[in-house]
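> Let me see the structure of the following:
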Amino acid sequence: MLVASCGSIESNDCLVTVQPYETLKIEIESIVIDQFGDQIEKVIKDTLSELKIDKIFVHIDDKGALDYTVKARLITAIQRLENSHA
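Purely as a prediction, here's the structure:
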């Protein structure tokens, strides 16, 4: 099974793992899920929309990453996934 990831589980970072999926599925684990869970999901969905991707499984293990970090980690993980089956 094709899987790609980017990031770490260090403080103020996140580990994003992606793999092909038949629909869009997002799983978020976060130390700030109560305060920022909706915002994290919005960043993921907005980024996927920009990339025109609607069939992917995204898992994020967030340790307080800022929006731009989440976006960068997601884009890099997707690029790694695409490169792994090129």
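> all helices of this protein, in order?
33-50, 67-84 (DSSP state H).
> number of nearby residues for residue 6?
Residues near residue 6, counting by other CB atoms under 10 Å, number 19. Yep, even glycine has a C-beta here, placed from its N, CA and C like the rest.
> where does the chain dip in pLDDT?
By pLDDT under 70, the weakly predicted segments of the chain are 85-86.
> would CSV of the helices of the chain with distance to residue 26 and mean neighbour count be doable?
Formatted as CSV, the helices of the chain follow (distance: least, CB to CB, whole Å; neighbours: other CB atoms under 10 Å):
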stretch, distance to residue 26, mean neighbour count
helix 33-50, 6, 15
helix 67-84, 10, 17
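> Distance to residue 6 added to those helices, as TSV?
Formatted as TSV, the helices of the chain follow (distance: least, CB to CB, whole Å):
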stretch	distance to residue 6
helix 33-50	13
helix 67-84	4
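> Nearest to residue 5, out of these?
helix 67-84 (5.5 Å; CB to CB).
> what about the closest one, distance to the chain center?
Mean-position distance between helix 67-84 and its chain equals 7 Å (CA atoms, centre = their mean, to the nearest Å).
> In terms of secondary structure, what does that helix contact?
When contacts are defined as 3 or more CB pairs under 8 Å, 6 or more residues apart in numbering; DSSP states H and E, helix 67-84 packs onto strand 4-7, strand 14-20, helix 33-50, strand 56-62.
> mind checking which of those is nearest residue 68?
Nearest of the helices and strands packed on helix 67-84 (CB to CB): helix 33-50, 8.7 Å.
> okay, the closest one in PDB with CA atoms only?
C-alpha atoms of helix 33-50 as PDB (Å, rounded to 0.1, in the frame of the first residue of the first chain):
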ATOM      1  CA  ILE A  33      -8.100  19.700  19.100                       C
ATOM      2  CA  ASP A  34     -10.700  21.400  21.300                       C
ATOM      3  CA  GLN A  35      -9.400  24.900  20.500                       C
ATOM      4  CA  PHE A  36      -8.200  24.500  16.900                       C
ATOM      5  CA  GLY A  37      -9.600  21.200  15.500                       C
ATOM      6  CA  ASP A  38     -12.000  23.000  13.100                       C
ATOM      7  CA  GLN A  39      -9.200  25.300  11.900                       C
ATOM      8  CA  ILE A  40      -6.800  22.400  11.300                       C
ATOM      9  CA  GLU A  41      -9.500  20.600   9.300                       C
ATOM     10  CA  LYS A  42     -10.200  23.800   7.300                       C
ATOM     11  CA  VAL A  43      -6.500  24.200   6.400                       C
ATOM     12  CA  ILE A  44      -6.400  20.600   5.200                       C
ATOM     13  CA  LYS A  45      -9.600  20.900   3.200                       C
ATOM     14  CA  ASP A  46      -8.500  24.300   1.700                       C
ATOM     15  CA  THR A  47      -5.100  22.900   0.700                       C
ATOM     16  CA  LEU A  48      -6.600  19.800  -0.900                       C
ATOM     17  CA  SER A  49      -9.100  22.000  -2.800                       C
ATOM     18  CA  GLU A  50      -6.200  24.200  -4.100                       C
END
